[in-house]
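here's my sequence, what's the structure:
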Amino acid sequence: MLSIPHSEPARAGDWPMRQLRAAKGSTTVSVVLPAFNEAATVGAIVSMVRQHELVDEVVVVDSCSHDATAEVAAAAGARVVHQTDVLGHLPPLTGKGEALWKGLYATEGELVAFIDADLVGCPPEFVTGLLGPLLTDPGTAFVKGFYRRPLVRGGHSEPDGGGRVTELVARPLLNLCWPELSGFVQPLAGEYAGRRSALEAVPFVSHYGVDIALLIDLLDVVGLDAMTQVDLGQRRHRHQDLEALGRMSAQIMLTVFDRLERAGRGVVPTARPARLDQFRHRAGAHGDVREVVSTEISLPERPPLASLRADTTGSRA
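Next up is the predicted model:
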């Protein structure tokens, strides 16, 4: 078993393709890309994944994009599903977690890998790194990727400047509340894979809290010994502004508070949905004007897919 908390983690190159090909056998593998306005990058990622001999199906979940994301993904060879069309009889939700949950439902692989659609220069090792532990160790149920995340600003690159929400919010919260998960280098990484049986046993938070919620919920379902991480090298992607990162941080904090409350370890400090007030400065006729921007921060989530399938089967009996 690959240990997790603070031991030296595996690297994507630790699994030769010959070994993985033999280990795969008849095991089916699906790759899901949640995508919102990612026409500039999704095609190259799909092309790389489709050429990977370990992958049986590639599904892009178009999360109500306003650009040509769906067309670019389809042209590159992905099967594109529109988020609102999958399980369309359910009340609609929005957000990254919703796209992941819908993608899990829309695929059939025994192993499912998730890769963000905004990556620049996504190498094949992302796929082998995520699938290696699952294919070669039957005791592994979930694999989290990590990497260096450079932040490029004004022509200057900070090798580890990315992941600001991770360092300022997610990591402190995990160390304080779930220290057993503190060994995960990138707890908010969007690149991870798992056995369908494990992924369908946990709920999916609909917004940006989904990544940290999956870690916490899977810890309860499969245990730490069945969770591992793999060094994928370097991740380059589009960075969000501070205002967007503030909203993301609030969603992550609310998700952690919710999990603490469910575990009987604390009480959510405010009624839900919460409100986040941010201050945006713009030039006015008499100097800078401070504009208050209020955002409702809610915590909708989808139930474990296993329970949904069970309910559907029961209703047809």
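
mind jotting down where the helices sit in the stretch 101-250 of the chain?
Under the criterion DSSP state H, counting those that start in this stretch, helices of the stretch 101-250 of the chain are mapped to 125-136, 164-165, 171-177, 196-199, 210-221, 242-262.

deepest-packed of the ones you listed, please.
For the helices of the stretch 101-250 of the chain, average neighbour numbers computed from mean count of other C-beta atoms under 10 Å are highest in helix 125-136, which has a mean of 24. From N, CA and C alone the C-beta is placed, and that goes for glycine too.

show me the contact partners of that one.
Helix 125-136 is contacted from outside by 2, 10-15, 17, 19-20, 23-24, 27, 29, 31, 48-49, 52, 54-55, 111, 113, 115, 119, 140-141, 143, 145, 191-195, 228, 230-233, using C-beta atoms under 8 Å, 6 or more residues apart in numbering.

in strands, which of these fall?
If you go by DSSP state E, these have 10-11, 29, 31, 111, 113, 143, 145, 192-195, 228, 230-233 in strands.

buried ones among the residues you listed?
Buried positions within the ones in strands among the contacts of helix 125-136, assessed by neighbour count (16 or more other C-beta atoms under 10 Å), are 10, 29, 31, 111, 113, 143, 145, 192-195, 228, 230-233.

out of the helices of the stretch 101-250 of the chain, which is closest to residue 35?
Nearest to residue 35, of all these, is helix 210-221, at 15.0 Å by C-beta to C-beta.

show me what that closest one is packed against.
helix 96-106, strand 142-148, helix 171-177, strand 192-195, strand 204-205, strand 227-234, helix 242-262 (3 or more C-beta pairs under 8 Å, 6 or more residues apart in numbering; DSSP states H and E).

what's the weakest-modelled helix or strand in the protein?
Here the helix or strand of the chain ranked lowest by mean pLDDT, DSSP states H and E is strand 156-158, holding a mean of 51.

neighbours around residue 22, how many?
Taking other C-beta atoms under 10 Å as the neighbour definition, residue 22 ends up with a count of 11.

what's opposite residue 34 in the beta bridge?
On DSSP bridges, the residues paired with residue 34 through beta bridges are residue 61.

list the buried residues of stretch 14-31.
Neighbour-count burial for stretch 14-31 [16+ other C-beta under 10 Å]: 14, 15, 20, 23, 24, 29, 30, 31.

biggest separation within the residues you listed, which pair?
So for the buried residues of stretch 14-31, where distance means C-beta to C-beta, the most widely separated pair is 14 and 30, at 22.7 Å.

on the three-state scheme, the nearest residue to residue 292 once chain neighbours are set aside is what?
Ranked by C-beta to C-beta, 6 or more residues apart in numbering and with sequence neighbours excluded, the top spatial neighbour of residue 292 is residue 277, at 5.8 Å. Secondary structure, DSSP: H, G, I helix; E, B strand; the rest coil: residue 277 is strand.

let me know the pLDDT of residue 277.
The predicted local distance difference test score for residue 277 is 81.

I'd guessed it sits against residue 293; true?
Yes - contact criterion C-beta atoms under 8 Å: residue 277 and residue 293 qualify, at 7.4 Å.

who's more crowded, the two?
For residue 277 versus residue 293, the count of surrounding residues by other C-beta under 10 Å is larger for residue 293: 12 against 9.

give me the element the more buried one is part of.
Under the assignment given by DSSP states H and E, the secondary-structure element containing residue 293 is strand 287-297.

which residues touch that strand?
Outside strand 287-297, the residues that touch it by C-beta under 8 Å, 6+ apart are 243, 247, 250-251, 254, 273-283.

again, 7 Å this time
247, 250-251, 254, 273-282 (C-beta atoms under 7 Å, 6 or more residues apart in numbering).

can you list the strands that the next helix or strand after it pairs with?
Scanning forward in sequence from strand 287-297 by DSSP H and E, the next helix or strand is strand 301-302. The strands beside strand 301-302 in its sheet (DSSP bridges) come out as strand 204-205 (antiparallel).

touching the partner strand from outside, list them.
If you take C-beta under 7 Å, 6+ apart as the criterion, strand 204-205 is touched by 97, 100, 101, 210, 213, 255, 299, 301, 302.
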